[in-house]
Structure formats: structure tokens, C-alpha cells
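K.L.:
predicted model, plus sequence, below.
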There are 4 protein chains.
Amino acid sequence: VKVGIYGAAGYTGLELIKLINRHPEFQTEFATSEEFAGQSYEGVTFCPREEADPARTELVFLCTPHGASAPLAKAVLDAGAKVVDLSADLRLRTPEAYQQWYNHPHPVPELLPTVYGLTEFYRDDIKGEFRVANPGCYVTTALLALLPLAKSGAIKAGTSIIVDAKSGVSGAGRKPSMGTLFGEVYGDFKPYNIGRTHRHTGEIEQELCAAAPNLGPLVFSPHLLPIDRGLLATCYVQLDEGWNMDWTRKLFNEFYEDEPLITVLPDGGMARIADVARTPNTEISLHEATPGMLIIVSALDNLLKGASSQAMQNANVMFGMPETAGLL
Amino acid sequence: VKVGIYGAAGYTGLELIKLINRHPEFQTEFATSEEFAGQSYEGVTFCPREEADPARTELVFLCTPHGASAPLAKAVLDAGAKVVDLSADLRLRTPEAYQQWYNHPHPVPELLPTVYGLTEFYRDDIKGEFRVANPGCYVTTALLALLPLAKSGAIKAGTSIIVDAKSGVSGAGRKPSMGTLFGEVYGDFKPYNIGRTHRHTGEIEQELCAAAPNLGPLVFSPHLLPIDRGLLATCYVQLDEGWNMDWTRKLFNEFYEDEPLITVLPDGGMARIADVARTPNTEISLHEATPGMLIIVSALDNLLKGASSQAMQNANVMFGMPETAGLL
Amino acid sequence: VKVGIYGAAGYTGLELIKLINRHPEFQTEFATSEEFAGQSYEGVTFCPREEADPARTELVFLCTPHGASAPLAKAVLDAGAKVVDLSADLRLRTPEAYQQWYNHPHPVPELLPTVYGLTEFYRDDIKGEFRVANPGCYVTTALLALLPLAKSGAIKAGTSIIVDAKSGVSGAGRKPSMGTLFGEVYGDFKPYNIGRTHRHTGEIEQELCAAAPNLGPLVFSPHLLPIDRGLLATCYVQLDEGWNMDWTRKLFNEFYEDEPLITVLPDGGMARIADVARTPNTEISLHEATPGMLIIVSALDNLLKGASSQAMQNANVMFGMPETAGLL
Amino acid sequence: VKVGIYGAAGYTGLELIKLINRHPEFQTEFATSEEFAGQSYEGVTFCPREEADPARTELVFLCTPHGASAPLAKAVLDAGAKVVDLSADLRLRTPEAYQQWYNHPHPVPELLPTVYGLTEFYRDDIKGEFRVANPGCYVTTALLALLPLAKSGAIKAGTSIIVDAKSGVSGAGRKPSMGTLFGEVYGDFKPYNIGRTHRHTGEIEQELCAAAPNLGPLVFSPHLLPIDRGLLATCYVQLDEGWNMDWTRKLFNEFYEDEPLITVLPDGGMARIADVARTPNTEISLHEATPGMLIIVSALDNLLKGASSQAMQNANVMFGMPETAGLL
């Protein structure tokens, strides 16, 4: 299967190049980058966008910014190829939600809704699809921690759900900016867009509400970690009557027991970034805070399960291949 | 004023040596270390404990481990000098509370209760005192964020208070251990003793309950940050009826307006470790999560305001000197 | 092929466990660790040394300290298995050299000399061998940069060879020590054992002299880099008459053109740790300093090509398997 | 004394603001920054360049890029104030040398030569001067290690001098660029502009040749360290006949014995970045490589002694103040 990548010289694009190289069936046909055109990475030479022809591929990954991705997705679909969009353009279900969180009209509203590529929860919908919206990195981390509870009615209605999340710097992309210079980040740690202002808030809530419409508001606090990659979320939820640690632990074990890329740690275990960085895996640990409050810690690599390896996982499902092909 | 330091070659002891060197009135008389005896740091030569004579000093800082500090405190007091204990031995008000959190009987129960050295809140009690318990680093960070609210009745009765805290590695001390080796921490981030198991939980609750006995349980989640120094806590509280952002902001501004070492950031500001590392200052920022939930972010240097500079601040108050002598 | 690892919970042992898991023919039979006995890593459970039986294996990797390794090597050989020793015990050719650099008599002198496992230079000798001495990390980095020159007579007789080397902290092993605590290394950079005092000096010189007995003294300056893994050496040599950049570049290209794990960068390229960390590859770049002086920069991962992946490379050769099995 | 800073929001400018705040006689009159105009740092509000009036000051620090600094220096001098230029514009003694290393004609050739502000070696010339060229960070580190030898004829005529230098990332400035993004530097280490291509080569040689015209070529290898600040150079020189470790140690001790900001470590000591980061001090250690080759290790903070604190030291000398005013 010939594969194209738009925006291939950013961090998620570089990861995809490596994943495709290891994949038994995929092969990079083109990888666009204006800035690095002519240069090579892992045997793949970047080309400018106008030299890329999606019609020569069966699959395209979009690592382009939101706003630019949707028109590209349309062009790729028109050319007959399948598309996994790693930007935010296809994640929200309505143009109104997109306008609300991204402050401009959706560029190609007819593409909404698109199947949401949180593979473990939507793989039946993804199978055979032509376009898939790859979830945000914070969103994936939060949802893998919260969806089993939300879907089972374990969260007390109307109570706030707190996601205190910490991400490595590569989550901010590879574009030069003062805030992500080494000298500005080294030795520091800080929150940003705290409360309900980060754009991933809407995306997390969309999926939580679809699972349990009676949930209280999401409180989402992202922080910038002075490491290159990895994302860990510490989530606090109030359990509904009748739920305790034994039940929630059993719930998570059952939800994820057949999932090759998700590990629920045994009692006493503690999810950490070192265990998941540079892997497609997610680790989840459960902790009792008080009898009524559960802490769920969820850790993954923001560039892999938070972006490129989940994109590959989705592509595998779209093409009917083994879901972990190229990943393990 | 001649000053002694027990346990002076750990991170907090080394900071104290530097602070005393800069202090206009204090002078290091002895600095004990078994391991580094004979070696020097910033002009001070370490000596073994048996060569230290507290009777030749007017003030002693204890940077020794809990369990070992209380007997030393007694010896220092018996020798006629004042003492600031940076360990946990004198922080909890009763031997029972100590036994509960430290799993062994208090070595010198007659020293309890000791005045609690959270300077901004107890300076009237500290004045002229002979012994002061220096607060824990996490505790200082959490209490500076929460006490203004607790004392004013702003927190909704019975609701959980969540402190999601992140500390640099020096908080774990300078004793060799595999968990704090460079190779184990670099590139990682993880929670530990999460929920209500960390020993600082009892200390934070003791002070919160003294301020507002009707508060709900504390949920305390410490995490290990891959940096050398700095501590940031993201605190979540539910506000009582009638409290909103304007009121809470006004409350914090009034509480801390005359405090030289505490800065409440203006609206839109965000506390971060880079601003406080290697300083005696604390930064606090306030953020609305939802109409009823407030986020307070508090940042300080765990070795300074979280330990040694607060010890110096307390010593200044004990001796009637300007509170920031040697610190600014 | 069943494989045993002694000292498997150190950094090189952990890497070997992962490499064996990926190897098509090898399988871990035992992995010893006193401290971690009973715990697991990547599906392998550590056992105490007395429960390990080398007779049940065909191959054993020794990740044990020097002094302890040689007796284990003997025991393994007596049990009929092959052995790759990652310690220094079998690297020097004579007991006298060992005594000189390690300050104690060689524990099993009859094992000397052992075939030296710098795979690219000794693979013909390694084939079918029962015991191989895996080279030191600094040594591998320096020799891959210097041996092509030494073997070709390109280095001016009698002139000093300078190796200014910088290693990540994992090179110091996983044993707790104050010098490798996170708080001691973060933000620092320093030389150690500079000049001719580091033990790898003797090992580098042994191999250089075997290639060109007329060389001047080695000046070897190791430095500690504040990163977890990776090693880069900047080497300075004076070229003999008649040698210039074109010739030396041609020389390196020819030496390494068929080597799958060694890349000589084209003109203008610059070896760096980011390109080789977490890979079995070595990168080498060549730079003219002055008409008579060449700079060779060589970079590899100290735990892989500097230890475990080279050990695996050697094992592959010993068993007649493809040299990069399990590595690419 | 009222002081102005052009280009004050870069790393060296920010350090100067802090140093001036601590200085007993200096006071910031203006601090220009186009990008941060209106924002404040340590009580100083940045203004656009056109609002700065050097005529209202007695002293101006130029933290502007080379090319832009010389015209500003002229304007400041015309306005009657003294100037310390932290850029490279005034460091080389002739317009020809400037053209050679900076690839464009010198913007204000009549300013050359300017007194060279390596304070310890030129303080008599700096006294009362109106303009001083502040040395480069690498240059300061190298010269403090090499000048005592060069001035004493200790270096063997015609032999290469090797400076293998490693600098923290802040040396590259605060302007956004991909190469200094956190994600590009973290965990990496690499050489750049190696050999004789870095612009500081000419500046180091200029000063060495003035001290000893018979020296061989300089080989200068800068490397990028993954830390925010600090610079360490490992220098290799061949000693002339008759020089040995005792003599060279005595030489350095005599050269620097009255220097408050330079420490020559005793035998066995090893200069390291942790000891000098965030201080105005330089540490130097001496090591015998072979009987004829000396290694000098020199460490300082690239933003302080390598830039801003040396600028302040020079300003103090220019105004006849104590040389370390505001620094200790």
C-alpha cells in the first residue's frame, strides 16, 4: 500500500516515516515539507506539496495544521485515497462546535461528522472507512482513563471531572517559537490554558457526553513538562453510589483485557512516562483517593499513541490489517 | 549571632550555609556531616557531630532526618540555644498524629506542640520562641494556596480539596538511592504516594482543619518532576455560595499585599517554577475552572521557601531581625 | 538458543533482555539479580544467582562487575556454554596489563588472552569462539574513529592522539551513588579521570598499538554529559605526510562501506548523539582542523553499540547467525 | 549612574537588568526591546528603541546583534555616554579581520581598534575608557585558560593549540530557531562549526598572537550542551622545554592569586559547570596529560563571565568603581 504524508517534517510526520518503514505492507510514496524539501529522513526525501500526488497512493496521513487539513482531506478523498487526519479539523462533530473552539468557520463542513479514531472505542466504525479523525494527544490520554467509567455509569451525575495533565514539549510541534526554546523550558514547569480554555476541552467533553450525558463539567489543566516526549494525566472523578475500588478495577480490567496496546497496572502500580515513552502503549493505574473519589493515572507517548501510532493503528483497521502491524 | 547546622551536607544544609554567608548578623559556627567531615563548602568546613557544641551558638538549624531531629532539638534547647527544625519531628501537634503518619512513637513527646513555622501565618507566635517547626515543602506550597480560602470560609463545607503537586528531585534529599539516580529520572514523570498516603497529607490537614474544621478530605497527589529544584501545586477547591473569582482574587490580594516574599499574579498570570527557582519567593495564580470551582496554582523553590529560606525567615522572626534579612 | 544473563537488572542487562526478546533465535532462560529477584522486566523474571544454571543454556552474557565476571566466565565455559563478557575482565591481553589498570591480580589468568569483541575488526576471530570480551563503551567509540587511520599508517609516528569524550550518565551504571544522583548531574557538565588515568586508556592503547606500534601516547579525557544515554568522542590526530582530507575520507568510506551498523557521514555532516541514541548504529564524521590535523567525531549509544547491542552482534557471529539479527 | 540597555530582552540583557538592580551605583534608565515593549522584567519596563535616549545616561550596554551594534555604539558615544558592546562588532582590531570572520564590511571602521574588555588582562587600558569591546563567551573561557601560558612563553612554538569547548544553549540567544527548540536539543549533544570555522576562532587567535606571536594554529571545536547555561573548555597545549606541572601550576597561581573572580583549583580539583553556573566566577583546573602536554579545563557561566557580568566588571573599571560592585 502506497502512503503519502503531508506535513511530514514535523514531529508526528517524522514518527510516521519511521512507523511506515517498519510496517510490513505500507510504503512511503511521498512526504511533503516546504522547509525541508530535498532533505532526507530515514531514507525518505521530502518534496514540496505541489509535487505530491495523492492519486498515486491508497492512504494519506495529514500532519498539517488545523484549518489547512480539511481542504487537503477533501482533495485526497476526491483523488480516491483514504485519509487519516492528525489535525483537529475532523474531530468535532459539528461545524458549530468547531467554530466555538477554533474561532473560525470550518473550512469543509460537509466532512463532518467524521468517524472518531480512538481506536479501542471506535474500531467497528473505522473498519473500511475512507476518512478518520485522529484524536488529540491530551484527549486520548483522558478518554482512555475516563471512558470505561463514563460508559458504565460509574461517575456521579453532575460532578466535575478533573483532568490534571502534563505533556512533554514535542506536543507543541516543531515550529520555532520563543516559548518552546530550550532555554525557556529547561528547569521549568508551568500550567497553560488552564481551566476550560484549552481546545482539547471540547473534544474530551464531546466524547464523554456521548458516553454519559449526565456528567458534570470537565476541568482540564494542561501543564508543560520539561521533557521531549510523554504525556501523563492525573484524573479525579467522584464515583456514583455502589462503586468502589474493587468494582472499578474489575471494570478497567474487563474493558482492556484484550487490548494489546493498553495495560491496566495491578494494585500498587503507578503509571509513569518512562514506561511508555517511545512505545505505542498506554499505561493506566487506579488509586483510591477517598471512599467516593477515584484517581486514574494514564500515561502514553504524545507522539505515538497520542498521534502517529494511533494514526497507524487506525490505518491498519481501515485496511483490514492486523491492528498492531508496524507497531510492536 | 553564632549559628550551628546539623546535617549540613544535604541539600537544605548547603542552602543554609549560603544563606548564612549572605546574612548580615548570622555566622556559621559549626556545620556537621559525617560523610563530608573535613571537606569545605562556601568557606565552611564540615565537622563530625561530636565536635559540634550547640552551647557555643545561639541558634541551631536541624537538617537531620525525622526521628533523629527531636532528640537533637532537646539537646540544643538544653544547651541554651534556639532551634529551627527542618525535619518533620516537631510539625504535628500531638504524639498520636506523629505515630499515625511516621509509624513510630515520637522520640521526645514533651516537645509537642511546637510553634508551626509557616511564617506568614504564625509570625506573632514565632517571635521570641525558642523552638520552631519548619513546615514541609509540599505543605508550604499547599497552605499558601489554601489557607486564605479556609480562613475566610470560602471553601464549601464537606467537599474534597485536591492538591495535585509536582516537585523537583532535590525534594528527595541527597542520599544515594536508585529511584533518584539521573538515569532513572531523566525523561520521566510519575506520581508517587498518591491519594492520601504521603506523610505531608496529615500536616496539610492539621493546618487546614485548624483554620476551618468543616472542610472535606484532602486528596494529595505528589509527582516527581525531572528537574533539580522547584515545586508547583495545582489546587482545586469548590467555593461556597456567594464566592466568585472577583471575591477570591480580592481575598488573596488583601491577604498577601504586605508580604514581601509572596506574589499574587494579576488576572491572566500563571505561576511557574522558572520564576521562583533559586529565590525565596512564592508565586500564586488564580483561575476559574467552572463557576463553582477555583484553581489555585502555587509555585516556590522546595529548597528555599519549602525549606531553608523559610527556616531563615523564621530565625529572623525569632531574633527580632528584619524578616527578609539575608534573603533579598 | 537458550540464553542466560548474569547481572541482568543493570542498564546493560535490561537492554539485553529487550534485544533477546526481539531476536528471532534467542530466548532468555535466566536473568539474575539479587536486588530485583522475583520482579519482572519485559516478561522476564529475575532470579537470584544460585538459581541460574548455565548448563541449561548455550550462551551467557555477563553484565557483572569486573573481578566478578572472570570466575563466572570460567564456570559458564565449564558448563559447556558460550560466553560474552561485558565487563573489563577479559579485555586486556595479559594479566600484567590487567593488574596495572585494575589494581588487583587477574582472577582467572588462564582466560587471557580472549578474543576482543570489536565486531567490525575481529569478526573472523569471533566466529565459532566460545568466549568473547566485549569492549568498553569509550573504547568502542574511540577505536571505530581511530583504527582505520592506525591500520593504514595515516597517523604521524610519535604524535599524541587526543580523545575528548563525553558520555551520558548511564555509563556509570545503575548502582546508587551520590555522584550520579539527578540533583548532582542536572545542569552540570564536568571532566573526570582526565589525562591518562581512566581505565579505558589501557584498552584503547592496546588495540591502537596492535595496529600501529609507532603511535604516540593517547590522551584520553572523559566527561560526564547530563543526559541518560549516548557517547560522543571528538578525536584529534596528526596525519602523516601525504595524507589529506580526501584520502582520509576515502579511507573511512572504504573501511566501513559494507558495515550495516556504521555510517560515515558525507562532507559537511556532523555526528551527534540524537542520531544514534537508542540505536545500534555508530556515526562518524571527519573534519579538517588544519592541513596536518584531522578531527574525527564518533557517536554511539553507550548502552547499545557501547555494550549490549555489540554483545549481541558478537553472539550472532559466534553462532553463525546474521550479524544484525535482533538489532535492526 | 543612569544606564541604558539596547536589546535588553535577550538572555544577556535580562542578566544585565538583574545585575544593575543589585548594583549600588547603577540604575536602569531604559531597556529596549521591540518584541517585548510595554512588558516588564524585574521592575524594568521595556521600551521600543526610538523611545530610548542615550543622552540621558552615562553608560550604555549593547546587547544587540553584530552589525547593528557598531552604529549604536557610535550614536551613544556621540551622545556623550560610555558604551560596553557585548556584540562582536568592536572585538577585532582591524576592519579586515572583521570582514574576514563576519563576511561583511565593518559598519563603523573608525571605532577600531577598541579596548578589549577581558578585564583581568586589560584593566589598565579599560580605566576611564569610553568604549569597550566585551569578549565572546568561548573566547573568555579559552583565553583565561591559555593567556597565562602564552604570555610566559610556556607553549611550544608552532604546535597546535586545541580548545574543545562545550556550551549551554543560551549561548545561541533567545531568538526562535528550530535548532534550539527544546525537542531538538534535549538528550542530544553535538559539535558545530568545528575546526577553524567558528567566528570566535579569529578572536581567540588575535589575543593569543598578541601575547606570543610564535604560536601554532588554534583548533577550536565548539559543542552544544543540553543545559541552559554554562561553558566548559578542555584545552590541550604542548609545553615548551623546561616547563612541567609544578611550574605551570605555580604560573597560574601567581597570575590569578589576586583575582576575586577566578579560582585556580588545587591539585586533583576538576573545573565543572555546576560550580560556576549563575555566578560571575571562572574555575580553572590543570592536568598533566603526558610529560609534554598540559590539559587546562576552564569553566564559567556563558551569560555572566562570558557576557553580562564581565560587561559589568568592565563598566565598574571604566567608572573607577570597585571591580566586583554588583557582582558578589
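P.N.:
Yep, it's here.
K.L.:
excluding its backbone neighbours, what's nearest the residue in the stretch 201-328 of chain A that chain C sits nearest to?
P.N.:
At 7.0 Å from chain C, A:Arg278 is the closest residue in the stretch 201-328 of chain A, using C-beta to the nearest C-beta. C-beta coordinates here come from the backbone N, C-alpha and C atoms, glycine included. On the basis of C-beta to C-beta, 6 or more residues apart in numbering or on different chains, the spatially nearest residue to A:Arg278 that is not a chain neighbour turns out to be A:Asp301, at 6.2 Å.
K.L.:
list the contacts of that neighbour.
P.N.:
Shown in contact with A:Asp301 (C-beta atoms under 8 Å, 6 or more residues apart in numbering or on different chains): A:229-231, A:276-280, A:309.
K.L.:
tabulate those residues (JSON lines), appending pLDDT and neighbour count.
P.N.:
Shown next, in JSON lines, are the contacts of A:Asp301 (pLDDT from 0 to 100; neighbours: other C-beta atoms under 10 Å in any protein chain shown):
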{"residue": "A:Arg229", "pLDDT": "97", "neighbour count": "26"}
{"residue": "A:Gly230", "pLDDT": "98", "neighbour count": "30"}
{"residue": "A:Leu231", "pLDDT": "98", "neighbour count": "31"}
{"residue": "A:Val276", "pLDDT": "98", "neighbour count": "26"}
{"residue": "A:Ala277", "pLDDT": "98", "neighbour count": "23"}
{"residue": "A:Arg278", "pLDDT": "97", "neighbour count": "14"}
{"residue": "A:Thr279", "pLDDT": "97", "neighbour count": "16"}
{"residue": "A:Pro280", "pLDDT": "98", "neighbour count": "21"}
{"residue": "A:Ser309", "pLDDT": "98", "neighbour count": "26"}
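K.L.:
secondary structure added to these, as TSV?
P.N.:
Below are the contacts of A:Asp301 laid out as TSV (DSSP: H, G, I helix; E, B strand; the rest coil):
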residue	secondary structure
A:Arg229	coil
A:Gly230	coil
A:Leu231	strand
A:Val276	coil
A:Ala277	coil
A:Arg278	coil
A:Thr279	coil
A:Pro280	coil
A:Ser309	helix
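K.L.:
list the contacts for the closest residue to A:Ser69 other than its chain neighbours?
P.N.:
Spatially, and ignoring its direct neighbours in sequence, A:Ser69 is nearest to A:Ser87 (3.8 Å; C-beta to C-beta, 6+ apart). A:Ser87 makes contacts with A:62-66, A:68-70, as judged by C-beta under 8 Å, 6+ apart.
K.L.:
let's go with 10 Å and repeat that
P.N.:
The contact partners of A:Ser87, taken as C-beta atoms under 10 Å, 6 or more residues apart in numbering or on different chains, are A:6-7, A:12, A:62-70, A:72-73, A:133-134, A:136.
K.L.:
filter those residues to the buried ones?
P.N.:
The neighbour count (16 or more other C-beta atoms under 10 Å in any protein chain shown) marks A:6-7, A:12, A:62-64, A:66, A:68-70, A:72-73, A:133-134, A:136 as buried among the contacts of A:Ser87.
K.L.:
now, which of these lie within helices?
P.N.:
A:12, A:69-70, A:72-73 (DSSP state H).
K.L.:
and A:Gly128, what's its pLDDT?
P.N.:
A:Gly128 is assigned 89 on the pLDDT scale.
K.L.:
can you pull the contacts of it?
P.N.:
By C-beta under 10 Å, 6+ apart, the residues touching A:Gly128 are A:82, A:317-320.
K.L.:
next, give me the two most distant ones among the ones in helices among the buried ones among the contacts of A:Ser87.
P.N.:
Farthest pair in those (C-beta to C-beta) is A:Thr12 and A:Ala70. Separation: 17.1 Å.
K.L.:
so which residues of the stretch 101-250 of chain A form strands?
P.N.:
Under the criterion DSSP state E, counting those that start in this stretch, the stretch 101-250 of chain A contains strands at A:115-116, A:131-133, A:161-167, A:190-191, A:218-224, A:231-238.
K.L.:
residues of chain A that sit close to chain D?
P.N.:
Contacts of chain A with chain D, taken as C-beta under 10 Å from any C-beta of the partner chain, map to A:9, A:11, A:35-36, A:168-188, A:224, A:226-229, A:303.
K.L.:
please redo it, this time with the cut-off set to 6 Å
P.N.:
Residues of chain A lying near chain D by C-beta under 6 Å from any C-beta of the partner chain: A:169-170, A:176-178, A:180-183, A:185-186, A:228.
K.L.:
tally of neighbours for A:Gln244?
P.N.:
Quick fix: residue A:244 is Asn, not Gln. 12 (other C-beta atoms under 10 Å in any protein chain shown).
K.L.:
now do the phi/psi pair for it.
P.N.:
Dihedral angles of A:Asn244 (phi, psi; degrees, to the nearest 10) stand at phi -140, psi -180.
K.L.:
could you report the distance from the residue nearest to it when sequence neighbours are not counted to A:Gln238?
P.N.:
Nearest non-adjacent residue to A:Asn244, counting by C-beta to C-beta, 6+ apart: A:Pro291, 7.4 Å away. The gap separating A:Pro291 from A:Gln238 is 11 Å, by C-beta to C-beta, to the nearest Å.
K.L.:
those two - which one has more neighbours?
P.N.:
Per other C-beta under 10 Å, whichever of A:Pro291 and A:Gln238 has more neighbours is A:Gln238, with 22 against 10.
K.L.:
for that one, what are its contacts?
P.N.:
By C-beta atoms under 6 Å, 6 or more residues apart in numbering or on different chains, the contact set of A:Gln238 is A:156, A:159, A:292-293.
K.L.:
verify the stated contact: A:Ala150 with A:Pro213.
P.N.:
No: using C-beta atoms under 6 Å, A:Ala150 makes no contact with A:Pro213, being 9.8 Å away.
K.L.:
just for the stretch 51-200 of chain A, where's the confidence low?
P.N.:
Applying pLDDT under 70 to the stretch 51-200 of chain A flags no residue at all.
K.L.:
which residue ranges of it form helices?
P.N.:
A:69-78, A:95-102, A:119-126, A:137-151, A:182-185, A:200-211 (DSSP state H, counting those that start in this stretch).
K.L.:
ok, the stretch 201-328 of chain A next?
P.N.:
Using DSSP H, counting those that start in this stretch, the helices of the stretch 201-328 of chain A run over A:245-256, A:308-318.
K.L.:
who does the shortest one touch, helix- and strand-wise?
P.N.:
Using 3 or more C-beta pairs under 6 Å, 6 or more residues apart in numbering or on different chains; DSSP states H and E as the contact criterion, the elements in contact with helix A:308-318 are helix A:11-22, strand A:82-85, helix A:119-126.
K.L.:
off-centre distance for the second one?
P.N.:
Distance of strand A:82-85 from its chain centroid, counting by C-alpha atoms, centre = their mean, to the nearest Å, is 14 Å.
K.L.:
parallel or antiparallel, list what pairs with it.
P.N.:
Strand pairing for strand A:82-85, determined by DSSP bridges: strand A:59-62 (parallel), strand A:131-133 (parallel).
K.L.:
next, format the ones you listed as JSON lines and append distance to C:Thr197.
P.N.:
Below are these laid out as JSON lines (distance: least, C-beta to C-beta, whole Å):
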{"stretch": "strand A:59-62", "distance to C:Thr197": "53"}
{"stretch": "strand A:131-133", "distance to C:Thr197": "59"}
